[in-house]
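Any chance you could fold what I've pasted below:
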Amino acid sequence: MSTTPSKTLETFPNPRPGRDFTIRMEIPEFTCLCPKTGQPDFATIELAYVPDELCVELKSLKLYIWAFRDEGAFHEDVTNQILDDLVATISPKFMRVTGDFNVRGGIWTKVVAEHRAPDWQAPAPVELP
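Now for the predicted structure:
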């Protein structure tokens with residue numbers, strides 16, 4: 001596998017396709033460029049998803065995230081692009097992408113984008129005593 005930035009996301013089969021479970025990832029070293037100034041923007045990207053048939057392979061995800069380093073992108077757009085690309089690749093039952101961008105000019109930005117498969121229902125939360 002390559003060790004250079006790439007927009008290619010690889011997958012592997014869900015090891016438990018008959019069970020809903022959540023995969024959570026935190027990517028604390030996301031960087032892109034401000035499309036207005038060209039200065040770097042830094043963020044933590046959080047992924048949470050309920051897989052269907054496929055899961056995203058982690059090294060390809062790392063190289064995919066790295067590919068944004070030299071691209072200009074608004075926070076709102078890049079968060080939604082990451083969601084769109086992942087949904088197109090793995091077709092999860094549910095996915096949430098959160099872009100938690102560092103303070104820039106005195107403004108902190110957090111963007112949350114979600115996808116839900118039309119036929120999927122979230123399980124009811126369990127309240128334990």
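
Please enumerate the helices of the protein.
Taking DSSP state H, the helices of the chain run over residues 58-66, 75-90.

and of these, who's closest to Pro17?
Pro17 sits nearest to helix 75-90 of all these, at 12.2 Å, using Cβ to Cβ. All C-beta spots, glycine's among them, are computed from the backbone N, C-alpha and C.

Quick check: Ile90 touching Pro51?
Yes - if you go by Cβ atoms under 8 Å, Ile90 and Pro51 touch, sitting 6.6 Å apart.

export the helices of the chain to a markdown table and tack on mean neighbour count?
Below are those laid out as a markdown table (neighbours: other Cβ atoms under 10 Å):
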| stretch | mean neighbour count |
| --- | --- |
| helix 58-66 | 17 |
| helix 75-90 | 18 |
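
Looking at those helices, which is nearest to Glu46?
When these are compared by Cβ to Cβ, helix 75-90 sits nearest Glu46, at 10.2 Å.

For the closest one, which outside residues touch it?
With contacts defined as Cβ atoms under 8 Å, 6 or more residues apart in numbering, helix 75-90 is touched by 7, 9, 11, 32, 41, 43, 45, 47, 49, 51-52, 54-56, 64-65, 68, 71, 73, 92, 95, 97-99, 101, 109, 111-115.

Got a ChimeraX select line for the buried ones in those residues?
The following ChimeraX line selects those of the contacts of helix 75-90 that are buried, judged by 16 or more other Cβ atoms under 10 Å:
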select :9,32,41,43,45,47,49,51,52,54,55,56,64,65,68,73,92,95,97,98,99,101,109,111,113,115
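
what's across from the closest residue to Ile23 other than its chain neighbours in the sheet?
Computed as Cβ to Cβ, 6 or more residues apart in numbering, the closest residue to Ile23 that is not its neighbour in sequence is Tyr49, at 5.6 Å. Listed beta-bridge partners, Tyr49: Ile23, Met95 (assigned using DSSP bridges).

So Tyr49 versus Glu10, what's the distance?
Going from Tyr49 to Glu10 by Cβ to Cβ, to the nearest Å gives 16 Å.
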